[in-house]
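Trainee: model this:
(one chain, ligands or ions: 1)
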Amino acid sequence: MTPTQVSATVLDDETRESDAGDALDVADLVARITAGHVVTESEALQVLEVPDSETLALVGAAGTLRRKYFGNTVKVNYLVNLKSGLCPEDCTYCSQRLGSKAEILKYSWLKPEEAVHQAGLGVAGGASRVCMVASGKGPSNRDVDRVATMVEQLKDEHPHIEVCACLGILKDGQAEKLKAAGADAYNHNLNTAESLYPQICSTHSYQERIDTVEHAKTAGLSPCSGLIVGLGETPEQLIEAVFALRDLESDSIPVNFLMPFDGTPLEGTWLLTPLDCLRILALVRLVCADKELRMAGGREMHLRSLQSTALEVANSFFLGDYLTSEGQDAQKDLEMIADAGFVVLGQESRDPVEVSAELRQAAAKVTSQTTEAPSCGSGCGSACAPQGCGPGGGGGEPVLRRRGAGTGQSPNA
Ligand code: SF4
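Mentor: As a prediction, the model looks like this:
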């Protein structure tokens with residue numbers, strides 16, 4: 001039996017569980033998930049062990065769930081870094097951590113008008129969700145008031161745009177204040193397995209992360225919580241983390257691929273191949289079939305030329321740049337959606353050819369806005385960092401962000 005062949009005989013779960021050693025029949029697994037089956041740990045392990053030669057077939061099978069729940073839409077999200085660096089926490093993967101030597105942009109809170117302006121540029125680029133992020137363990141009540149003002153202003157200008165806040169660990173009453181201001185969602189990633197967490201961070205606990213997501217849910221905010229993969233987790237720990245997200249009922253699941261910034265403890269850590277990344281995304285799709293699955297930071301350097309293939313299982317991504325590093329040129333992001341036959345969420349009733357043309361026009365408009373910034377002459381259309389062009393889908397080290405929020409340069413949006 002090939003890995004994706006639909007079994008002629010429908011076996012019950014108990015029979016399958018005891019059938020150790022059989023090749024994974026992904027098409028049959030997808031059919032059972034559609035009928036309500038909950039993926040088991042042994043099945044999840046088999047998904048991660050699918051050989052390279054059969055990984056595209058795995059993606060195709062898992063992609064039927066993506067199409068069932070999200071059709072051919074891609075949700076475009078846009079990050080605004082409200083406060084960058086200077087964090088007293090010690091998360092090993094983070095360029096903003098205590099003691100980080102990474103030469104990232106460091107600035108305190110953006111003014112509300114600047115934050116709303118930056119968000120609006122992402123909306124013009126096709127984003128239907130804006131993620132407002134600040135470094136730090138968690139906000140003070142004054143910080144929450146500040147972000148609430150930004151959310152209100154953003155909602156006044158763009159009432160149909162979803163706003164997600166990401167401010168760290170919340171204290172009592174803070175999620176409620178954000179909800180009252182109009183925020184739709186709150187992001188706080190579990191990041192990795194509880195069993196690995198003590199090696200990843202010592203200044204706050206895994207349980208505090210769970211509690212914050214639960215707090216946001218109780219306040220009526222849509223929970224957004226996801227992963228960073230490539231930290232050195234075992235397959236079992238990866239499954240532990242994905243199952244925790246399933247238990248948490250996270251509505252949207254960003255999957256970040258470690259960007260090993262120079263000057264951080266995980267500098268030089270490259271543990272993923274592009275096909276590993278596809279298997280991980282396929283696993284999350286199979287385990288959390290109807291949830292928004294977002295390919296997030298590091299997709300360019302880890303998925304490389306397979307980014308558009310990943311859209312077959314992931315139905316969401318971040319447009320343009322990340323918090324402290326530059327992403328692929330936003331025009332390429334939009335072209336990737338159109339080229340792969342997808343449409344941007346919110347524009348799905350439109351003729352795809354027309355949408356594609358419009359996206360290119362929007363990208364061209366943003367490109368022309370960036371011409372005031374110095375360029376390396378590569379023709380990518382972006383303002384260049386001193387290190388040269390961003391990852392651009394070609395892999396390589398993280399390129400530190402030098403445009404957008406906190407700079408005088410136009411963003412990559
Ligand atoms: S992940 Fe957040 S809390 Fe951890 S070091 Fe980075 S900014 Fe600070």
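Trainee: from here on, just use CA atoms for contacts and neighbour counts.
Mentor: Fine.
Trainee: give me every residue that touches the residue of the stretch 201-350 of the chain found nearest the ligand.
Mentor: Taking CA to the nearest ligand atom as the measure, the point where the stretch 201-350 of the chain comes nearest the ligand is residue 201, at 7.7 Å. Shown in contact with residue 201 (CA atoms under 8 Å, 6 or more residues apart in numbering): 89-92.
Trainee: from residue 323, how far out is the residue most central in space within the chain?
Mentor: Residue closest to the mean C-alpha point of the chain, counted by CA atoms, centre = their mean, is residue 296 at 2.8 Å. Distance, residue 296 to residue 323, by CA to CA, to the nearest Å: 11 Å.
Trainee: cool, residue 401 as well?
Mentor: 8 Å.
Trainee: one more: residue 24?
Mentor: For residue 24, the distance to residue 323 (CA to CA) stands at 38 Å.
Trainee: also residue 145?
Mentor: Residue 145 is 22 Å from residue 323, by CA to CA.
Trainee: kindly report the same for residue 314.
Mentor: For residue 314, the distance to residue 323 - CA to CA - is 21 Å.
Trainee: so what are the sheet partners of the lengthiest strand in the chain and their directions?
Mentor: Determined from DSSP state E, the single longest strand within the chain is strand 73-83. Applying DSSP bridges to the sheet, strand 73-83 is found paired with strand 129-134 (parallel), strand 316-318 (parallel), strand 343-344 (parallel).
Trainee: quick one: the last one to chain centroid distance?
Mentor: Counting by CA atoms, centre = their mean, to the nearest Å, strand 343-344 is centred 17 Å from the centre of its parent chain.
Trainee: quick one: average confidence on that strand?
Mentor: The average pLDDT within strand 343-344 is 91.
Trainee: equivalent analysis for stretch 255-267, please.
Mentor: Stretch 255-267 comes out at a mean pLDDT of 96.
Trainee: tell me if stretch 225-241 is near the ligand.
Mentor: No - Stretch 225-241 does not reach the ligand (CA under 6 Å from any ligand atom); its nearest approach is 10.6 Å.
Trainee: what comes up buried for that stretch?
Mentor: By neighbour count on 16 or more other CA atoms under 10 Å, the buried set for stretch 225-241 is 225-233, 237-241.
Trainee: between the two ends of stretch 294-305, how far is it?
Mentor: The straight-line separation of the ends of stretch 294-305 (CA to CA) is 17 Å.
Trainee: contacting residues for the residue lying closest to residue 225 once chain neighbours are set aside?
Mentor: Leaving aside its sequence neighbours, residue 225 sits nearest to residue 189 (CA to CA, 6 or more residues apart in numbering; 4.2 Å). Residue 189 makes contact with 209, 224-227, according to CA under 8 Å, 6+ apart.
Trainee: swap in residue 223?
Mentor: 185-187, 213-214, 216-217, 249-252.
Trainee: over to residue 41?
Mentor: residue 239.
Trainee: go again using 6 Å as the cut-off
Mentor: Under the criterion of CA atoms under 6 Å, 6 or more residues apart in numbering, the contact list for residue 41 is empty.
Trainee: mind listing what's buried along the strand or helix carrying residue 216?
Mentor: For residue 216, the host element (DSSP states H and E) is helix 206-218. Buried residues in helix 206-218, counted by 16+ other CA under 10 Å: 206, 209-210, 212-217.
Trainee: closest one of the contacts of residue 201 to residue 176?
Mentor: Within the contacts of residue 201, proximity to residue 176 (CA to CA) peaks at residue 89, which comes in at 24.8 Å.
Trainee: phi first, then psi, for the closest one.
Mentor: Torsion angles at residue 89 (phi, psi; degrees, to the nearest 10) stand at phi -90, psi 170.
Trainee: same thing with the one 10 residues further on?
Mentor: Note on residue 99: backbone dihedrals following degrees, to the nearest 10 are phi 80, psi 0.
Trainee: what about it, neighbour count?
Mentor: Other residues lying near residue 99 total 15 when counted by other CA atoms under 10 Å.
Trainee: and it, how far from the ligand?
Mentor: If you measure residue 99 against the ligand using CA to the nearest ligand atom, to the nearest Å, the figure is 9 Å.
Trainee: any idea how far that residue is from residue 40?
Mentor: According to CA to CA, residue 99 and residue 40 sit 40 Å apart.
Trainee: show me what residue of the stretch 101-250 of the chain gets nearest to the ligand.
Mentor: Closest to the ligand within the stretch 101-250 of the chain is residue 135: 3.8 Å, counting by CA to the nearest ligand atom.
Trainee: partners of the residue nearest to residue 80 when sequence neighbours are not counted in the sheet?
Mentor: Excluding the flanking residues, the one nearest residue 80 by CA to CA, 6+ apart is residue 132, at 5.1 Å. Taking DSSP bridges as the rule, residue 132 bridges to residue 80, residue 165.
Trainee: so where's the stretch 51-200 of the chain uncertain?
Mentor: For the stretch 51-200 of the chain, no stretch has pLDDT under 70.
Trainee: helix, strand or coil for residue 55?
Mentor: Here residue 55 is helix, with the state taken from DSSP: H, G, I helix; E, B strand; the rest coil.
Trainee: burial measure for it, as a count.
Mentor: If we define neighbours as other CA under 10 Å, then residue 55 has 20 of them.
Trainee: just residue 156 next, same as before
Mentor: Residues contacting residue 156 under the criterion other CA under 10 Å number 12.
Trainee: put the alpha carbons of the helix or strand where residue 278 lies into CSV.
Mentor: Here residue 278, judged by DSSP H and E, is contained in helix 274-287. Output in CSV follows, covering the C-alpha atoms of helix 274-287 (Å, rounded to 0.1, in the frame of the first residue of the first chain):
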residue,chain,number,x,y,z
PRO,A,274,12.5,22.6,3.7
LEU,A,275,10.8,19.2,3.7
ASP,A,276,11.0,19.0,7.5
CYS,A,277,9.1,22.3,7.5
LEU,A,278,6.4,20.9,5.2
ARG,A,279,6.0,17.8,7.4
ILE,A,280,5.6,20.0,10.5
LEU,A,281,3.0,22.2,8.8
ALA,A,282,1.2,19.1,7.5
LEU,A,283,1.2,17.7,11.1
VAL,A,284,-0.4,20.8,12.5
ARG,A,285,-3.0,20.8,9.8
LEU,A,286,-3.9,17.2,10.5
VAL,A,287,-4.0,17.7,14.3
